[in-house]
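Trainee: quick one, structure for this:
(2 chains)
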Amino acid sequence: MTELTWGVALVIVGTYLWKLAGLSVPQTVLEHRVTLAIAALIPVAFLSALVAVQTFADGTTLVLDARLVGVGVAAILLWLRVPFLPMLIAAAASTALVRLFF
Amino acid sequence: MDTSQRRIILDSLGLGIGVGTYGLTFGAIATASGLSVLQTCALSLFAFTGASQFAFVGVVASGGAPLTAALTATLLGARNMFYSISLAALLRVRGWRRLAAAHLVIDESTAMALGQKNPRDAKTAFMWTGVTIFVMWNLMTLLGALAGNAIGDPKLLGLDAAVAAAFLGLVWPRLTDRLAQIIAVCSVLIAVALVPISTPGVPIIIAGCGAVALGLLWKRLIEHNAGADD
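Mentor: Reported below is the predicted structural model:
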């Protein structure tokens, strides 16, 4: 197996075990105050880091490029409560257009 | 079948079909970023949790090691455990049914189930939303994966910006309170600061864990202050 396939396998096993654990483990263990606080913070913390890296990183250098336009468009559309799929398409299209013309 | 059940099923189908279509973007981005069609479809079939799948592909595409990508994706999947905890009392499933139900635990099926008035409606909403999204998500992933193979470079068509926009769309509804906003800003700053001095993928893990730690500290400080005021 290639390293990429190992990665895929790890994601499959890891994500499924989280789901199963919540249905199986006694509630008292999981409903601990700190555990719940951590769980509430994880999505915001990791998704924000992913937005930052996916927008500004090119390998190990920081760059300002056409992606920033797409993310800006996405932010405006989210603010206007545009649904997810049209928002994604607009972000991709605006970035592609900037690359085409500049 | 009574009208409330029929309404729940219709709502679930509508939501499921809408959400499932994002699978198209996931499939296209995954194969354009270098995953095979088989690896892409395996993620949608067996991991079946959109944010983690996008995270894995995003980190791999930006040059991160697959294991770093897998760690990021798995950590992001931790929230599903807390969905399961809320669902356990409503679904009350055992044996193989529990194994199957666990697979369907995602943001949307949980939200639909928790929005119902009684356990019977919750079960119906959970099953119908979960199964509809599962079917649509996987069909659309396959279509997207084949299209992504044809596109080749994710920069063409701005697919790399779509990944960033997907993460933004996922985090957006969670930025409702001050603590979440502070965590988000801290996480962005830490991640950006680390990009030039570490291997791709690593900034996400350190920023994610760091921001969670800061959030816990912040919460403790607020509770401590509230206690001192009494």
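Trainee: list the contacts of the residue of chain A found nearest chain B.
Mentor: Chain B sits closest to A:Gly22 of chain A, with a gap of 2.3 Å, by CB to the nearest CB. Bear in mind the C-beta positions are built from the backbone N, C-alpha and C, glycine included. Shown in contact with A:Gly22 (CB atoms under 8 Å, 6 or more residues apart in numbering or on different chains): A:30, B:80-85, B:87-88, B:102, B:105.
Trainee: most surrounded residue in these?
Mentor: B:Val105 (31 neighbours; other CB atoms under 10 Å in any protein chain shown).
Trainee: from chain A, how far off is it?
Mentor: Look at B:Val105 and chain A: by CB to the nearest CB, to the nearest Å, they are 4 Å apart.
Trainee: need phi/psi at that residue.
Mentor: Dihedral pair for B:Val105: phi -80, psi 110, per degrees, to the nearest 10.
Trainee: any idea how many residues pack against the residue lying closest to it once chain neighbours are set aside?
Mentor: Computed as CB to CB, 6 or more residues apart in numbering or on different chains, the closest residue to B:Val105 that is not its neighbour in sequence is A:Lys19, at 4.4 Å. Residues contacting A:Lys19 under the criterion other CB under 10 Å number 25.
Trainee: likewise for B:Gly201?
Mentor: Neighbour tally, B:Gly201, other CB under 10 Å: 24.
Trainee: likewise for A:Phe46?
Mentor: For A:Phe46, the count of nearby residues is 32 (other CB under 10 Å).
Trainee: distance between the helix or strand containing it and the chain's centre?
Mentor: Taking DSSP states H and E as the criterion, A:Phe46 maps to helix A:33-56. On the basis of CA atoms, centre = their mean, to the nearest Å, helix A:33-56 sits 9 Å off its chain's mean C-alpha point.
Trainee: quick one: average pLDDT of it?
Mentor: Averaging pLDDT along helix A:33-56 gives 87.
Trainee: do stretch B:195-208 as well
Mentor: 91.
Trainee: and the contacts of A:Gly22, which is closest to B:Val185?
Mentor: Using CB to CB, B:Phe82 is the member of the contacts of A:Gly22 that lies nearest B:Val185, at 23.5 Å.
Trainee: which SSE is the closest one in?
Mentor: Going by DSSP H and E, B:Phe82 is in helix B:79-91.
Trainee: quick check: what element follows that helix along the chain?
Mentor: According to DSSP H and E, the helix or strand after helix B:79-91 is helix B:95-103.
Trainee: what separates that following helix from the chain centre, distance-wise?
Mentor: Relative to its parent chain, helix B:95-103 has a centroid offset of 20 Å by CA atoms, centre = their mean.
Trainee: next, the buried residues of it.
Mentor: B:98, B:101-103 (16 or more other CB atoms under 10 Å in any protein chain shown).
Trainee: cool, stretch B:12-31 as well?
Mentor: B:12, B:15-16, B:18-31.
Trainee: A:Arg99 reaches B:Asp160, doesn't it?
Mentor: No - with contacts counted by CB atoms under 8 Å, A:Arg99 stays clear of B:Asp160, the gap being 10.2 Å.
Trainee: neighbour-wise, which of those two wins?
Mentor: For A:Arg99 versus B:Asp160, the count of surrounding residues by other CB under 10 Å is larger for B:Asp160: 29 against 18.
Trainee: show me what the helix or strand containing B:Cys41 is packed up against.
Mentor: Using DSSP H and E, B:Cys41 sits in helix B:37-42. With contacts taken as 3 or more CB pairs under 8 Å, 6 or more residues apart in numbering or on different chains; DSSP states H and E, helix B:37-42 sits against helix A:3-24, helix B:23-32, helix B:119-151.
Trainee: if we go to 10 Å?
Mentor: helix A:3-24, helix B:23-32, helix B:50-61, helix B:119-151 (3 or more CB pairs under 10 Å, 6 or more residues apart in numbering or on different chains; DSSP states H and E).
Trainee: list the buried residues of the first one.
Mentor: Pointing back at helix A:3-24 there. Buried, per 16+ other CB under 10 Å, within helix A:3-24: A:4, A:7-12, A:14-23.
Trainee: the last one now?
Mentor: Residues B:121-134, B:136-142, B:144-145, B:148-149, B:151 are the ones in helix B:119-151 that count as buried (16+ other CB under 10 Å).
Trainee: check which helices and strands it sits against.
Mentor: helix B:3-20, helix B:23-32, helix B:37-42, helix B:50-61, helix B:79-91, helix B:95-103, helix B:107-114.
Trainee: now the second one
Mentor: With contacts taken as 3+ CB pairs under 10 Å, 6+ apart, helix B:23-32 sits against helix A:84-101, helix B:37-42, helix B:50-61, helix B:119-151, helix B:159-171.
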